[in-house]
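J.: Next input, structure requested:
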Amino acid sequence: MAFALSQELQGRRVTAVAVTPGFLRSEWMLDHFGVTEANWRDAAATVKSFIASETPLFVGRGIAALAADANVGAKSGRVYASWDLGDEYGVTDADGTRPHFVRWLRENEPGMAAKWKKLDDAFYAYWSGMPYEMPG
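T.: This is a model prediction of the structure:
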């Protein structure tokens, strides 16, 4: 989606990116696991990967840093995960941590991590031949 939109907006000084959170520790998820923000780590006893979760603030801080980047136009057409924005811009979550869901998977669930598709230049090269040329 971001790639197609960036193609449509090409030459108009508009940047189109997509951002995805990691394992989002939203109010709904806290309720679902029967925990609060104060004791959310208790839910990791039930679902191990919840320890790598993040608050909506983390992805929001990443988006704010992305929007403030003077070179954001170079990122047009790409998809960014909150953990990548955290690493690139040095933003942290509400508790001062920098959650990184895929790193946690690699260290704790290598089988699941192996299924994760890396959105790198090889991935985007596949889409570059798409007929998205739009009249200006």
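J.: residue ranges with poor pLDDT in the chain?
T.: Within the chain, the stretches with pLDDT under 70 are 1-13, 117-136.
J.: And the helices in it, which stretches?
T.: Assigned by DSSP state H, the chain shows helices spanning 2-8, 27-33, 56-68, 82-89, 101-108, 110-114, 121-127.
J.: Most tightly packed of the ones you listed?
T.: helix 82-89 (a mean of 20; mean count of other CB atoms under 10 Å). From N, CA and C alone the C-beta is placed, and that goes for glycine too.
J.: Quick one: work out the angle between that helix and helix 101-108.
T.: Taking axes from the mean of the first three to the mean of the last three CA atoms, to 10 degrees, one finds helix 82-89 and helix 101-108 inclined to each other by 100 degrees.
J.: got the angle for helix 82-89 vs helix 56-68?
T.: 50 degrees.
J.: got a list of contacts for helix 82-89?
T.: Outside helix 82-89, the residues that touch it by CB atoms under 8 Å, 6 or more residues apart in numbering are 19-22, 54, 58-59, 61-63, 65-66, 69, 91-93, 98-103.
J.: count of neighbours near the closest residue in space to V79 that isn't next to it in sequence?
T.: Leaving aside its chain neighbours, V79 sits nearest to A18 (4.5 Å; criterion: CB to CB, 6 or more residues apart in numbering). For A18, the number of neighbouring residues by other CB atoms under 10 Å comes to 15.
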